[in-house]
Structure formats: structure tokens, C-alpha cells
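Chemist: have a look at this prediction, sequence included:
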Amino acid sequence: MKLLVFALLSPACWAIEVPLDFTIQNDSKANLTYRVGTGLTAIHQEASFQDIHTAEVAYSGNILAIAEVNDSTGSIDGIRFTGGAISTAPTAALLEASVGNVPFQITFQAAGLVRTASSNEMQVLSGGILDGDVHFTTLTSGLLEVSNYSKEGHTQGTVTETVDFATGSSDLISGESLFPTGTGASSVGSTQTGSNLFTKDFSASLFSIIQVPTQAPDAQIQAAGLPSNQQFKQRYLETGALSASTTFSIPTAFGQWALDNGLDLTTGQEKNEAGFPYAVLFALGLPGSSTSLPITFDHSGGPSALLTAPASGLGFPIQVLYSPDLETDFTPLNSSYLPGNNPISRGTSGSIAISFPTLETGFLRFAVNL
């Protein structure tokens, strides 16, 4: 649409804080491995683990963050995670291991595991790569249960270890990092998807390698009915990838000007009480309540007009239209009557002298495409 406005170049770019709510995508999965064994074998000797459970588990939920967004490009230049609920699909297994000649059955169950994301500080991003030393996750709820009992009845009773993450921590799952250090391991970025006069729309994506190892040394659980030095060793590991996405909008320069002036605009053609279109006032860097414009006329050497553009420059190309009277249609003024081309280029600043054709009277109109 064409309006009788001048457009102001956006001021120097700055960062604005935008809350983000990432939705975890369906392709977010990890391989979960639970190992059980016996004895006091050194941690790196895998042969001590007699039975292994593996399963693919899915992630769902959301991740909350505050992002520092470049107001001009919409790029995410900084991020700090503030919460959310990363849910792990439940898994269970029945395993077997022996202590001496006594065979045991071990049940493993993980249910309702939920993590939240947080950050020590706002990370200034370089190439969108996340720093695992700044961001981390914490188990906030869910149950982890391991039980064992003798299959042959040589011992009595059952030993069960249950951890409720709402009330305590586990020695089986610790040292978590969904945002591990490493080039390309975890990243965040944004892409513009649309815009209008008042806002620019973006999609944002988050990707992270998943690394949730067991605590070292290995976790232990007492073997039911045997002396205290007879224990099962346990290890837990998740490895996979998590992806999440969201959308956000930021104001354009005109949209931000409207917000700063307390205006609720819908078309850009609205006028203030003095009759000036708000778009004109924005274009010339004036408050929304202004009652005059920086235009002067000189008739000493033939009719001419002097327009003072803002120091930051015109934000849109401005077309100058001319009519010898108000009954004749306005048409583009020949560029020979301007210091440059018509339309006047975006970014032009300072005084712009506009001459009239050699006639006794004339009228000028200024228009920009928004």
C-alpha cells in the first residue's frame, strides 16, 4: 500500500530478550542401557556385568529459555535455559545374575523420569553452539526401582532400591548433560518465516546430543539374604539426540516505535489528534504526539521545498509525486528536480532539496511502500 509517509531507517541494532517455549519433537530418542553384575571387579572390566538391558526410549515435553535476539536479523545471539519438563518414556526389564553359585533375578524399572533445563548464566553464542559447561539438566521427578531375589530359594527375602526424584537423588543416574561440550554437539538457531508492517516472525530450533552416564564408581545394591559384601553392580547410560522447535515474533522498527508511543495500530494509516499519520511521524523520527513536520518552503529563487531527513537515514525509498494543481493527478516528479534519483534512496539523511517545475504553483506528495 502507498501512504503519504517518509520512512525512518531503523536505529542501530540491539538485542531484545524473548521468552521461548521449545516443544520436543517426536524424533527425540535415546538408547538406554542398564547393566547388572556382581563382584568388585575394576570399573573398566566389562566382563563383570552379567546381564544387559537395552531399549530405545522417547523424549517428550518442553524446554523453556530466555533468548537474546538481534532486533534486526532475528538471530539468537544469547540463551539461558529457565525450566521445562523433559519426559523420558518408561522402560522395564527382567535380568539375571549370579552371586557365587546362587542365581538371582533382578527387576529394573524407570518410570516418570522428568528433567528440567537450567543455565548458570546467559551464554553469548558463537555460531549457535551451546556450551555444556553453562547449561545442564536436573532430574526433578520420577521413580527408579531395582529389586533382586534368589531364584532357587537358597536365600530369603527381596532387596529393593527405590529412588523418588521428587525427594532425593540417585547414585545410579548422575553427572547429567543434555548439552555436552563439543563443537556441533548442541546448537540453537532461528530462521525468519514471515513479516508484516509491525512484526517479524521466526522459527527457532534446538538440537542436543544426549549423554546421561552412570556415576563412577558403579552403583551398588545389596544381594538379598547374602552378607553385606555381596552386592550387585549397576550401570545406567542414555545416549541419543534431542530436537525441539518453537516460534517467536519481534517488532519491526515501526512496530517498536508504536509500542514505545503506547499506540495500538492495525494499518499504519491511523492519524494523531493533529491529523498527522503516525507512519509519517515514525518516518521522520518524531513522537506520536507531534503537531509539525520538518519541511520548509523557499520561493526566493523559484518554488522549492527542503525536507530534513533524520540522521539515521530514511528507512524506505521515498517517491516524490507532483501535481500543478489539486485537480490534476499526482505523478512522479522528474529526478532532475531532486539531488538524486526518485524514489529517494533508503538511508538518505540530512537536508533534501526538492525543486518545483517552472510553474507558478504546484503541490508535492511523498509516498513510500510499506
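Modeler: The structure has been received and is ready for your questions.
Chemist: just the residues contacting stretch 246-253, thanks.
Modeler: Residues from elsewhere that reach stretch 246-253 (Cβ atoms under 8 Å, 6 or more residues apart in numbering): 8-11, 16, 18, 20-23, 67, 69, 71, 74, 190, 193, 195-204, 258-259, 282, 315. (Glycine included, C-beta is placed from N, CA and C.)
Chemist: just the buried members of those?
Modeler: Buried members of the contacts of stretch 246-253, scored by 16 or more other Cβ atoms under 10 Å, are 8-11, 18, 20-22, 67, 69, 71, 74, 190, 198-200, 202, 204, 258, 282, 315.
Chemist: and the end-to-end length of stretch 318-335?
Modeler: Length of stretch 318-335, first residue to last, Cα to Cα, to the nearest Å: 12 Å.
Chemist: and it, what's buried?
Modeler: If you call a residue buried by 16+ other Cβ under 10 Å, then stretch 318-335 has these buried ones: 318-323, 333.
Chemist: stretch 110-123 too?
Modeler: By neighbour count on 16+ other Cβ under 10 Å, the buried set for stretch 110-123 is 110, 113-119, 123.
Chemist: all helices for the chain, in order.
Modeler: Taking DSSP state H to define them, one finds helices in the chain at 253-260, 278-283.
Chemist: let's have those in a markdown table, adding distance to Ile86.
Modeler: Shown next, in a markdown table, are these (distance: least, Cβ to Cβ, whole Å):
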| stretch | distance to Ile86 |
| --- | --- |
| helix 253-260 | 34 |
| helix 278-283 | 43 |
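Chemist: and the strands in the stretch 201-350 of the chain, which stretches?
Modeler: For the stretch 201-350 of the chain, the strands defined by DSSP state E, counting those that start in this stretch occupy 219-222, 231-251, 295-298, 304-309, 319-323, 331-332, 350-355.
Chemist: hmm, back to that, pick the most deeply packed of the helices of the chain.
Modeler: Neighbour counts (mean count of other Cβ atoms under 10 Å) averaged over each of the helices of the chain peak at helix 278-283, with a mean of 25.
Chemist: by contact count, what packs against it?
Modeler: helix 253-260 (3 or more Cβ pairs under 8 Å, 6 or more residues apart in numbering; DSSP states H and E).
Chemist: who are the contact partners of Gln192?
Modeler: By Cβ under 8 Å, 6+ apart, the contact list for Gln192 reads 74, 200-202.
Chemist: about what we covered before: adding pLDDT, write the buried residues of stretch 110-123 out as CSV.
Modeler: Shown next, in CSV, are the buried residues of stretch 110-123 (pLDDT from 0 to 100):
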residue, pLDDT
Ala110, 87
Leu113, 86
Val114, 88
Arg115, 88
Thr116, 89
Ala117, 90
Ser118, 91
Ser119, 91
Gln123, 92
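Chemist: ok so, going back, farthest pair in the contacts of Gln192?
Modeler: Gly74 and Asp201 (8.7 Å; Cβ to Cβ).
Chemist: now pLDDT too, for the buried residues of stretch 318-335, in a markdown table please.
Modeler: Output for the buried residues of stretch 318-335, formatted as a markdown table (pLDDT from 0 to 100):
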| residue | pLDDT |
| --- | --- |
| Ile318 | 77 |
| Gln319 | 82 |
| Val320 | 86 |
| Leu321 | 87 |
| Tyr322 | 90 |
| Ser323 | 90 |
| Leu333 | 92 |
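Chemist: can you say which two of those are spatially most distant?
Modeler: Largest separation among the buried residues of stretch 318-335 by Cβ to Cβ: Ile318 and Ser323, giving 16.8 Å.
Chemist: thinking Ala185 is in contact with Asp131, fair?
Modeler: No - counting by Cβ atoms under 8 Å, Ala185 stays clear of Asp131, with 9.9 Å between them.
Chemist: so what sits against both of these two?
Modeler: With Cβ under 8 Å, 6+ apart, Ala185 and Asp131 have common neighbours Phe179.
Chemist: low-scoring stretches of the stretch 151-300 of the chain, by residue?
Modeler: Along the stretch 151-300 of the chain, segments meeting pLDDT under 70 span 153-156, 164-171, 173-178, 181-184, 213-216.
Chemist: before we move on, the earlier item: indicate which one of the strands of the stretch 201-350 of the chain is closest to Thr160.
Modeler: strand 219-222 (8.6 Å).
Chemist: which residues touch Glu68?
Modeler: Per Cβ under 8 Å, 6+ apart, neighbours of Glu68: 15-18, 76-79, 122, 124.
Chemist: hmm, which of those residues are the buried ones?
Modeler: By 16+ other Cβ under 10 Å, these give 18, 76-79 as buried.
Chemist: and which of the residues you listed is nearest to Lys29?
Modeler: Nearest to Lys29, judged by Cβ to Cβ, of those is Ile79 at 23.5 Å.
Chemist: beta partners of that closest one?
Modeler: For Ile79, the beta-bridge partners are Ala67, Gln123 (DSSP bridges).
Chemist: wait, it sits on Ile63?
Modeler: No - between Ile79 and Ile63 there is no contact under Cβ under 8 Å: 10.5 Å.
Chemist: just to revisit the earlier point, just flag the most distant two among the buried residues of stretch 110-123.
Modeler: Taking Cβ to Cβ as the measure, the buried residues of stretch 110-123 span a maximum distance of 30.4 Å, between Ala110 and Gln123.
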